[in-house]
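**Q** okay, here's the prediction I keep looking at, along with the sequence it came from:
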Amino acid sequence: MATLSFRGVQKSYRSGSRSAPELSMVLHGVDLEVADGEFIALVGPSGCGKSTLLRCVAGLEEITAGDLLIGERKVNDVAPKDRDVAMVFQSYALYPHLTVKENMAFALRLQKHPETEARVAEAAEMLGLTPLLARLPKELSGGQRQRVAMGRAIVRRPAVFLFDEPLSNLDAALRQQMRSELRRRHKLLRTTTLYVTHDQVEALTLADRIVVLNGGVVQQVGTPDELYFDPANRFVAKFIGSPTMNFLEHDPGRPLKPGQQADNQTAPPGEVIGVRPNDVVVHRDGQPDHGLPDPGLAATVEFVERLGFEAMVHLRVAGGAPAAGGAQDPLLMARVEGEAPSPGESVSLTFTRSYRFETATGARVRR
Amino acid sequence: MSLILFGLQLLSAPAAATEITLWHAWRGEERAVLEELTSEYQSAHPGDQIELVSVPYESLASKLEAAVPRGNGPDLFIFAHERLGDWVKTALIQPVGPAADYTDAAHGALAGDDSLLYGWPLATKCLALFYNRALVPVPPETTDDLLRLADQLRDHPTEPTRWGFAWEATSAYHNAPFMHGFGGGALVDGRAQLDRPENRAAFAFIQQLAALGPAETSGALITQLFNSGKVAMVPNGPWFLGEIEPQERGGPDFAVAPLPRVSSTGLPAAPYLTVEALFLAGRPAPSTREADGLARDFAAYLQRPDIAGRRAAEGKQVVPGAGGAPAALPDDPVLAAFQRQADLAVPMPTVPAMAQTWEPLARALRRLVRGAATPEQAAAEAQTTWLVVSRPEAPTVDGRPFAWLLGLGLALGAAWAVRQMYVANVVKAWREYLWVAPGGLAVVLLVVAPFVVGASVSLFEVSGSASDGTWRFVGFAHFTDILLSRDFPLTDASTRALSFWYTLAVTLIWTLTNVVLHVSLGVFLALMLREPWVKVRGVFRALLILPWAVPNYITALAWKGMFHQQFGAINALLGICGIAPVSWFAQWTTAFAANVATNTWLGFPFMMVVTLGALQSVSREVEEAAELDGATGWQKFWLVTLPMLKPALLPAVILGSVWTFNMFNVIFLVSGGEPDGSTDILVSQAYRWAFTRGHRYGYGAAYAVIIFGVMVVQSRLLNRVAGRKVL
């Protein structure tokens, strides 16, 4: 059990030829304080540096600059085996020639730990692996292997758990099951955990706090709610939430009303409006007026994805520009419960909540 | 097959009025002059046709032995006299006249036991003394002169870089002149008598002379030393002329003289004489009296003094005198010297006992030259070893019980084969089996048949040449002799190295040491090549695979040179470190180490390549998991990486151990079994029994069968270790 501190952690690789070396930065100075027992999810698109950050903690990659502390100890130059961290790999990385039991006991046997047998039995019981202890990894299913990988990490009782996309090789049902399993496990053990995933559902459901990384730069650190309801910038807003947020650029053909700085439907020049599909209200012709002074945005239904109880309605917003209704008009997605409009239908839209971002930097504009 | 084609070709040749065929293996000037003389003869005798057929030297004897008895052979052929005894016995050649008319060595070599002459001598070859005129103005007359010159011409008393005299000091052939000069020799009345006072005196002289010359001499080394002016005198044959650098390219200004007389006896140091003769085939192609007459007339023509003179002048041959009279000395001083030497030479004996003396003599000479034995001991040991290697033939055994057993075995085998055919549904699926048949036939012809023949030979005692020797059934006598180590008790240090069990122990140690080194070095290098800090990986990989790409006998010869005591690179390197030069092949441990070093150089690339391939499928993440689990570098390798490499490495180890177990080239070319055959392995021992100890084919074949058995047991054991069927 320990805290984990990143202080200006940088990682770069040397590439190119000897005469013209090129430095490619993978992590641009990451600052993060992880509390003891906290579950942190690292999310971001492919190549954003989240796995690299995890491998830096494990000691499998050296950091180029900055400090990394586990507890109070600076571990920049500490070998992986001396960092007291356990990692669950995406491929599980089980020892193919050892049985389940030997896999789980491996680390403790190296230490000649007196409680090896007891701890392995305990972990196997916890994970339902007891009947499989004598099997080899190749005789196990994907989910069983995943649990062995977890068991191998658990028996060590390390200061920090590192997970590198541990569920990405499982099918959807199993992934959901393992997700709740993980949550239960963490509640029980309360070990500081760093969890890399590209699946935001995992991040939102599991993590105490989420770190959003893009291009080696931390975009935002916050609780799932903070990230969802109060994104720091357009990247986070787009990355978190499914289906993703809609964005409406400034449209000169639909100017602001006099005396109005900006409403929640129209962006002033240099800004962009963001609205989540479930914050879009679709008003169909013939429906009673909603009583707002503004009739809302005019739009045409392009097509509808039915998802049973709800439907995703794809809309084309009519712009004020001469090419009204043309292909240049922005597309928007709305989540509609119950009966959905049919394609070709003209509707008007209002937003219950929207966000404004600077077009150039993507930074949030707060009123 | 080629023989059959060859025969057909001969049969289909149109029969002219009088036509004869002559097979020979001469090359270059010798061939040119033969062709010229033949065409001159034909123009002088219109209607007579002499067809010359040039056959490669290596295959001439076997072609003759195959073709002549079947009536497909030539009328005449040219060959060395060394197989005369066998050929007279098998009537491959016929007498050409009485031998009593001649007294010279060349004709003497062609005389049969029945006092008949079995061929016309055309050219002779023997050793003579080559000397560098810049260093030796007058060649030594006596052995005392020789010793004095050998001593004086050295440029340093203890660490010379130039010597007065060098010869292949451990070769029985090259020491025969001294043995003869001291009145000794290998044979007395067709039996080996190596331990006699004359030979002991010769050995003492040889030891003295060797101490004044360079160490560990070989033919190639002597050539090199003589060409670079680092040795003043070497005894060598006419073949050496082609190896001497011309003077304009920095070669020595040399001359040839007969070898010196031995001071204490006054006898000349007489080398062995090999005579190249024209033989009259015993059963030539459909022959007529005219053809026989033509053959004899052509032989007489080639021997005519003027024609012989032209063969000497144009063909650069050392021509013996015809009709017993010494031939006129040619103008060429080198040929003249060889001719004078030939008149003093001793014809190479052709009795079978001779073939068994080479190895005992060579072994004794090696110990003598190395200083491991006194002349008395060496002579005694040579005789003992001769007795051992010329061990009596196994007694004939009644073959009938074996025939019954064989019959029973064949019947059982046939029953099994029929059952297998039934199981495999051969009758129904005959078309499918037809497709496999060519492959099956190839396996039967190339693998099964030679194996059966080889295994059968081990039950016989074969004497004489392989093709027409006599075969006596001896049952399992060879196997019991070998396995009970009957003639070579392990307690007898002098012949222990010939014991099967001693050789087996050496072979097993040899295999184990090599495989351990190959695997550890190969795996280590493969892991290194994977390290990120290793740059230009492709270059290293190519360099490391290189030893594998070079034919192994070339590598073996190169390493043999590097281990030379005086000129080898290894001792030179040790010298830089201040370590005294090691005589690598004088002790078992160093000789064995030299073999192992060579074979490791040859063997590690294979293991490295296999490991590199296997590493592709080893997940890096698994190794990282081990690192995180607290494994040290060594633990990670031993507990994780190596077990993951095991499935690929195990078949490689089994293959490697089979190759090493039978690695004939390295043993034969590097240590050559030195010292005293103690580093021989089973397969080189089998070779020696079959080919250098008087052609004991049956005994050698029994060794081969036992080696096969050992290999079967070894691969079974390794399969068990692997826990699955690997080979």
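**A** Now that the structure is in, tell me what you want to look at. Numbers count the residues shown, from 1 in each chain, chains lettered A, B, ... in the order given.

**Q** wasn't B:W510 part of a helix?
**A** Yes. Applying DSSP: H, G, I helix; E, B strand; the rest coil, one finds B:W510 inside a helix.

**Q** can you pull the residues of chain B lying near chain A?
**A** Residues of chain B lying close to chain A by Cβ under 8 Å from any Cβ of the partner chain are B:619, B:621-622, B:624-632, B:635, B:639-640, B:643-644, B:646. Quick note: C-beta positions are derived from backbone N, CA and C, even for glycine.

**Q** which of these fall within strands?
**A** For the residues of chain B next to chain A, not one is inside strands, with DSSP state E as the criterion.

**Q** now those: which count as buried?
**A** Those of the residues of chain B next to chain A that meet the buried threshold are B:621-622, B:624-631, B:635, B:639-640, B:643-644, by 16 or more other Cβ atoms under 10 Å in any protein chain shown.

**Q** between the residues you listed, which is closest to A:D31?
**A** B:L628 (24.8 Å; Cβ to Cβ).

**Q** which residues touch the closest one?
**A** By Cβ atoms under 8 Å, 6 or more residues apart in numbering or on different chains, the residues touching B:L628 are A:A58, A:G59, A:L60, A:P80, A:K81, A:R83, A:V85, A:A86, A:M87.

**Q** filter the residues you listed by proximity to chain B?
**A** A:A58, A:G59, A:L60, A:P80, A:K81, A:R83, A:V85, A:A86, A:M87.

**Q** wait, the last one touches A:E165, no?
**A** This points to A:M87. No. Contact criterion Cβ atoms under 8 Å: A:M87 and A:E165 do not qualify, at 11.5 Å.

**Q** okay, those two: which has more neighbours?
**A** Set A:M87 next to A:E165 and count neighbours by other Cβ atoms under 10 Å in any protein chain shown: A:M87 wins out with 29 against 19.

**Q** excluding covalently adjacent residues, which one is nearest to that one?
**A** Spatial nearest neighbour of A:M87, excluding adjacent residues (Cβ to Cβ, 6 or more residues apart in numbering or on different chains): A:L162 at 4.2 Å.

**Q** for the one you found, what are phi and psi?
**A** phi -120, psi 130 (degrees, to the nearest 10).

**Q** number of residues surrounding it?
**A** Neighbour tally, A:L162, other Cβ under 10 Å: 26.

**Q** just A:L170 next, same as before
**A** Neighbours of A:L170 (other Cβ under 10 Å): 18.

**Q** now B:F606
**A** 19.

**Q** list the buried ones in the helix or strand that contains it?
**A** Element membership of B:F606 [criterion: DSSP states H and E] is helix B:588-616. The neighbour-count check on helix B:588-616 (16+ other Cβ under 10 Å) flags B:588, B:590-612, B:614-615 as buried.

**Q** circling back: scan the contacts of B:L628 and report the most crowded one.
**A** Going by other Cβ under 10 Å, A:M87 tops the contacts of B:L628 with 29 neighbours.

**Q** a strand runs through that one, doesn't it?
**A** Yes. Per three-state DSSP, A:M87 lies within a strand segment.

**Q** do you know the pLDDT at it?
**A** Listed pLDDT for A:M87 reads 92.

**Q** same thing with the one 10 residues further on?
**A** If you check A:H97, the pLDDT there is 90.

**Q** that one: neighbouring residues, count only.
**A** 18.

**Q** so where's the chain shaky on pLDDT?
**A** Let's take chain A. The model of chain A has pLDDT under 70 over residues A:1, A:16-20, A:252-265, A:285-296, A:319-329, A:367.

**Q** oops, I was thinking of chain B
**A** B:1-17, B:283-287, B:321-330, B:463-469, B:694, B:723-727.

**Q** for the closest residue to B:E198 other than its chain neighbours, helix, strand, or coil?
**A** Nearest-residue entry for B:E198: B:G184, 3.2 Å, with adjacent residues in sequence omitted and distances by Cβ to Cβ, 6+ apart. Following three-state DSSP, we place B:G184 in the coil state.

**Q** same check, this time on B:T158
**A** B:T158 - assigned by three-state DSSP - is coil.

**Q** quick one: residues contacting whichever residue of the stretch 101-250 of chain B sits closest to chain A.
**A** Among the residues of the stretch 101-250 of chain B, B:Q224 lies nearest to chain A; the distance is 44.6 Å by Cβ to the nearest Cβ. Not one residue lies near B:Q224 by Cβ under 8 Å, 6+ apart.

**Q** buried sites along the host helix or strand of it?
**A** Following DSSP H and E, one finds B:Q224 within helix B:219-227. Buried residues in helix B:219-227, counted by 16+ other Cβ under 10 Å: B:G219, B:L221, B:I222, B:T223, B:L225, B:F226, B:N227.

**Q** show me which pair in those is furthest apart.
**A** Going by Cβ to Cβ, the pair spanning the buried residues of helix B:219-227 furthest: B:G219 and B:N227, at 12.6 Å.

**Q** do I have it right that B:P547 meets B:T598?
**A** No. If you go by Cβ under 8 Å, B:P547 and B:T598 don't touch, sitting 10.0 Å apart.

**Q** mutual contacts of those two, please.
**A** Counting by Cβ under 8 Å, 6+ apart, the residues touching both B:P547 and B:T598 are B:T555.

**Q** I'd guess A:F163 is in a helix, am I close?
**A** No. Counting by three-state DSSP, A:F163 falls outside a helix, being strand.

**Q** quick check: chain neighbours aside, which residue is closest to it?
**A** A:Y195 (4.4 Å).

**Q** report the contact partners of the one you found.
**A** A:F39, A:I40, A:A41, A:L42, A:F163, A:P166, A:E202, A:A203, A:L206, A:A207.
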